[in-house]
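Trainee: this is a predicted model, with the sequence first.
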Amino acid sequence: MTRVLLFTLLLVAVQPIFAQGTVVTDAKLPPDSIELKRNDPSVTSTPWQLPKPGDPLYDAEKEGQIRRENKATAEGNSHPVCVFERGVFKGYQTLSWGKLGERPAKEMNDAFTPNAKLPLDAVQPSDGAQPEREGYFPSRLKTRPANVPPDCIAVKAFHRGKLIGWTFMPEQSVALLHQPK
């Protein structure tokens, strides 16, 4: 049961953020906003209206985070944004971008086994897993790939006692894998 929960958490956490297609920013949009379907006509007469307190999708914490990070010096390769689709506010996402030639992280579908004896920056795919070495990075990366969510950390993966490489996993999932039984 624990393995299924961990596997599900891992799959949800590493899904591509914008699998819907091209992301567009435009001078017509509010600051820190993107439009997902640039060529589709707007479905409202007043497109790109930011949500207000009381609106169903309004999130004061996300709005504050957008303002704080917009004022901060641009570091890293991600930024929270308001997402619009065909002119209608759809919610909040983290927009990530990569450097030219940067290898994106591959989505891993391996099941992991809890092991409290491993170092905190290491995980162990289950014995029955058939991990693909090419999906793992050969060494720890200095920067996070653009397609990796900010709540993921770099961890070493050991399979049957041998290092197979580095990957990124949600910090909470890694912590669950290190809890004593």
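Mentor: That came through fine.
Trainee: which element is the residue sitting nearest the centre point of the chain on?
Mentor: In the chain, the centroid-proximal residue (Cα atoms, centre = their mean) is P149; its distance is 2.3 Å. Under the criterion DSSP states H and E, no helix or strand holds P149.
Trainee: now swap in Q49 and tell me
Mentor: Using DSSP H and E, Q49 sits within no helix or strand.
Trainee: and if you look at E69?
Mentor: Using DSSP H and E, E69 falls within helix 60-71.
Trainee: quick one: strands adjacent to the helix or strand following that helix?
Mentor: Using DSSP H and E, the helix or strand that follows helix 60-71 in sequence is strand 78-85. Looking at strand 78-85 with DSSP bridges, its partner strands are strand 33-35 (parallel), strand 88-96 (antiparallel).
Trainee: most tightly packed of these?
Mentor: Stretch with highest mean neighbour count among the strands paired with strand 78-85: strand 33-35 (a mean of 20; mean count of other Cβ atoms under 10 Å). All C-beta spots, glycine's among them, are computed from the backbone N, C-alpha and C.
Trainee: now do the strands in the chain.
Mentor: 33-35, 78-85, 88-96, 122-123, 152-159, 162-170 (DSSP state E).
Trainee: could those go into a markdown table alongside distance to L50?
Mentor: Converted to a markdown table, the strands of the chain look like this (distance: least, Cβ to Cβ, whole Å):
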| stretch | distance to L50 |
| --- | --- |
| strand 33-35 | 8 |
| strand 78-85 | 6 |
| strand 88-96 | 7 |
| strand 122-123 | 40 |
| strand 152-159 | 29 |
| strand 162-170 | 29 |
